[in-house]
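Undergrad: Pasting the sequence and the predicted model now:
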Amino acid sequence: MKGKSFNNKSVLEIILSIIIVVLVLVNTMYLPSLAVLFMCIFTIPITAIYVLRGYKSILSILVIGAFLVSLNYMSLIPFFYAFSYGIVGISLGYCIKKKKKNSASIITTAIFIAISNISQFIVYSIFIYKKTISSSINDIVYGIKKSFTMTRDTYVALNAPNEFIDGLNEIIKLITIQKLIVILPMIILANSIIQAYINYYFTSKVLQKLDCKVDNITKFTRIYIPNLLVAFLIIAFCLGIIINSKGISIGNYISEVTGYILKFLITLNGIAFFAYILRNKLKLSKIISVIILLVGLIMPIFTDIYLVSGIMDVILNLRELDPNPIRKIKKRE
């Protein structure tokens, strides 16, 4: 009797899992952009199923779910989405099952989110829209420029200050294919890290509710960029300048890409430092701290302050988090 009850429960869990996967795939088929924007949410059930039931169960559920959706849409795209969500969800599930540290799990998940997003862009460009990669990038540039142009025209009609209009015009001039290609690695990096962090946070909460042991996520106030990574990026930046000075154009691309990535990481470090000050030193609530940090991101002067404070924290190890600090503080005896 107990065995029969157990089997019924297992079958019910599998059916429910298939329904969840089908719903995720159907939503993605309606709005493909959701695959990029909500990768961190859609992969949570996949990770949970993998941790609780193993890789055979989740692979079977993904295949069945993709097959059911493909029958309805007469397309193989659901299998691709199942693969995209699968590699992200399973990679995080693997890290959790192997008791990896949350930092290692987040980095691993971020790598697979980046791979998934890039592969989605390539597949949609070549097989769905029947375009080249460069043509698809050109369409993105056109769309961004068009939206900024419409925004500018709206503010012109509202008699906005000339300084603000001039600022928008300068932004429109900067929107080019060359510029997008340069900042694209930084955008992919930022999107992957943020989504991986959110993914781990919510997944750990779900699994803890299911009585699974999961390493608690590192508080944002304790996030730091190792100075060794910063040093590596600075070296790459300098090498790019040297290569460019020799007349090799790839050098300019290397220096610009590493420059943007370096700026993003140090700014992130600066935001985490400010979060540390607001939460640990000034004892402000989470909500007020988040509001202050978000307002700071909107205001250009504060983004510069984040950058400077990030540099100071890397050099001086102000939060004393980096195990290999540039400046070692001798403890008083």
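TA: Okay, I see it.

Undergrad: C-alpha from now on. contacts and neighbour counts both.
TA: Will do.

Undergrad: What mean pLDDT does the longest helix along the chain get?
TA: In the chain, with assignment by DSSP state H, the single longest helix is helix 177-209. For helix 177-209, mean pLDDT rounds to 92.

Undergrad: any idea which helix or strand comes after that helix?
TA: Of the helices and strands lying after helix 177-209 in sequence (DSSP states H and E), the nearest is helix 227-245.

Undergrad: Which elements pack onto that next one?
TA: Secondary-structure packing of helix 227-245 (3 or more C-alpha pairs under 8 Å, 6 or more residues apart in numbering; DSSP states H and E): helix 250-276.

Undergrad: hang on, the earlier thing: for the longest helix of the chain, buried residues please.
TA: Under the neighbour-count criterion of 16 or more other C-alpha atoms under 10 Å, helix 177-209 has 177, 180, 182-183, 185-186, 188-193, 195-201, 203-204, 206-207 buried.

Undergrad: Outline the domain layout of the protein.
TA: 1-128+186-218, 220-333 (automatic domain parsing).

Undergrad: ok, residue 144 - contacts?
TA: The contact partners of residue 144, taken as C-alpha atoms under 8 Å, 6 or more residues apart in numbering, are residue 175.

Undergrad: give me the element it is part of.
TA: helix 133-157.

Undergrad: Flag every buried residue along the helix or strand bottoming out on mean pLDDT in the chain.
TA: Least confident helix or strand of the chain, by mean pLDDT, DSSP states H and E, is helix 34-37 with a mean of 71. Neighbour counts over helix 34-37 (16+ other C-alpha under 10 Å) mark 35, 36 as buried.

Undergrad: tell me what the helix or strand that it is followed by is packed against?
TA: Helices and strands here follow DSSP H and E; after helix 34-37, the next one along the chain is helix 39-42. Judged by 3+ C-alpha pairs under 8 Å, 6+ apart, helix 39-42 is in contact with helix 177-209.

Undergrad: so how far is the helix it packs on off the chain centroid?
TA: Averaging C-alpha positions (C-alpha atoms, centre = their mean, to the nearest Å) puts helix 177-209 1 Å from its chain's average.

Undergrad: What mean pLDDT does the strand or helix carrying residue 113 get?
TA: Residue 113 belongs to helix 102-123 when elements are defined using DSSP H and E. What helix 102-123 shows for mean pLDDT is 92.

Undergrad: neighbouring contacts of that helix?
TA: 36, 39, 84-85, 87-88, 91-92, 95-96, 133, 188-189, 192-193, 195-197, 200, 215-218.

Undergrad: Next: stretch 150-168.
TA: Taking C-alpha under 8 Å, 6+ apart as the rule, stretch 150-168 contacts 148, 169.

Undergrad: quick one: buried residues of that stretch?
TA: 152, 155, 165, 168.

Undergrad: Give me the pLDDT for the residue nearest to residue 307 when sequence neighbours are not counted.
TA: Nearest non-adjacent residue to residue 307, counting by C-alpha to C-alpha, 6 or more residues apart in numbering: residue 267, 4.5 Å away. Note for residue 267: predicted pLDDT of 94.

Undergrad: then stretch 252-269 to PDB, C-alphas only?
TA: Listed next in PDB are the C-alpha coordinates belonging to stretch 252-269 (Å, rounded to 0.1, in the frame of the first residue of the first chain):
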ATOM      1  CA  ASN A 252      42.000  49.200 -30.000                       C
ATOM      2  CA  TYR A 253      39.100  46.700 -29.600                       C
ATOM      3  CA  ILE A 254      40.800  44.900 -26.800                       C
ATOM      4  CA  SER A 255      41.600  48.100 -24.900                       C
ATOM      5  CA  GLU A 256      38.000  49.400 -25.300                       C
ATOM      6  CA  VAL A 257      36.300  46.100 -24.300                       C
ATOM      7  CA  THR A 258      38.600  45.600 -21.300                       C
ATOM      8  CA  GLY A 259      38.100  49.200 -20.300                       C
ATOM      9  CA  TYR A 260      34.300  48.900 -20.300                       C
ATOM     10  CA  ILE A 261      34.400  45.600 -18.300                       C
ATOM     11  CA  LEU A 262      36.900  47.100 -15.800                       C
ATOM     12  CA  LYS A 263      34.700  50.100 -15.300                       C
ATOM     13  CA  PHE A 264      31.600  47.900 -14.800                       C
ATOM     14  CA  LEU A 265      33.300  45.600 -12.300                       C
ATOM     15  CA  ILE A 266      34.800  48.500 -10.300                       C
ATOM     16  CA  THR A 267      31.500  50.400 -10.300                       C
ATOM     17  CA  LEU A 268      29.800  47.200  -9.000                       C
ATOM     18  CA  ASN A 269      32.500  47.000  -6.300                       C
END
